[in-house]
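Participant: Provided below are the primary sequence and the corresponding predicted coordinates.
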Amino acid sequence: MSLALSNRFQGGKAFGLLKARQERRLAEINREFLCDQKYSDEENLPEKLAAFKEKYMEFDLNNEGEIDLMSLKRMMEKLGVPKTHLEMKKMISEVTGGVSDTISYRDFVNMMLGKRSAVLKLVMMFEGKANESSPKPVGPPPERDIASLP
């Protein structure tokens, strides 16, 4: 079994160490963005980068610092917008400029901060707005009588 495959199924201390290493790697990339003059006028950049890192780590299923096709598929399904295999390949190509089959964290942040409106960016922004909107009611629905039905 390859190291990447064995890492995917590890739990406990080994998994915690792997996630900590990944978090340090992504934090280093975030520092590069914070120091980059190109993004100096970006509003709330530290908060945005922290949110991007959290979201990226959630969907980096193989913990290798890249979102592959299956990770993207899971992300889209979890966000409630499942896509076909071809649509997802197009999304990855749009984000990476066609040079890779996986989305690196740097590509992900560039997409989220960039001016282009990639489909994935729109979905991620929509998910953020959906989470901020009114909370969903919990518990059983209120009772209604037959007269109130349309």
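Facilitator: That came through fine.
Participant: what does stretch 64-74 contact?
Facilitator: For stretch 64-74, contacts defined as C-beta atoms under 8 Å, 6 or more residues apart in numbering pick out 4, 7, 22, 25-26, 56, 59-62, 75, 82-83, 85, 88-89, 91-92, 101-105, 108, 120. Where you see a C-beta, it was placed from the backbone N, CA and C, and this is true even at glycine.
Participant: Those residues, buried ones only, as a ChimeraX selection?
Facilitator: A single ChimeraX command selects the buried members of the contacts of stretch 64-74 (16 or more other C-beta atoms under 10 Å):
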select :22,26,56,59,60,61,75,83,88,91,92,102,103,104,105,108,120
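Participant: so how many other residues sit close to Val99?
Facilitator: Val99 has 7 neighbouring residues, counting by other C-beta atoms under 10 Å.
Participant: pull the helix or strand with minimum mean pLDDT from the protein.
Facilitator: helix 3-8 (a mean of 46; mean pLDDT, DSSP states H and E).
Participant: Run through the neighbouring helices and strands of the next helix or strand after that one.
Facilitator: Next along the chain after helix 3-8, taking DSSP states H and E as the criterion, comes helix 12-35. Helix 12-35 is packed against helix 3-8, helix 45-59, helix 105-113, with contacts defined by 3 or more C-beta pairs under 8 Å, 6 or more residues apart in numbering; DSSP states H and E.
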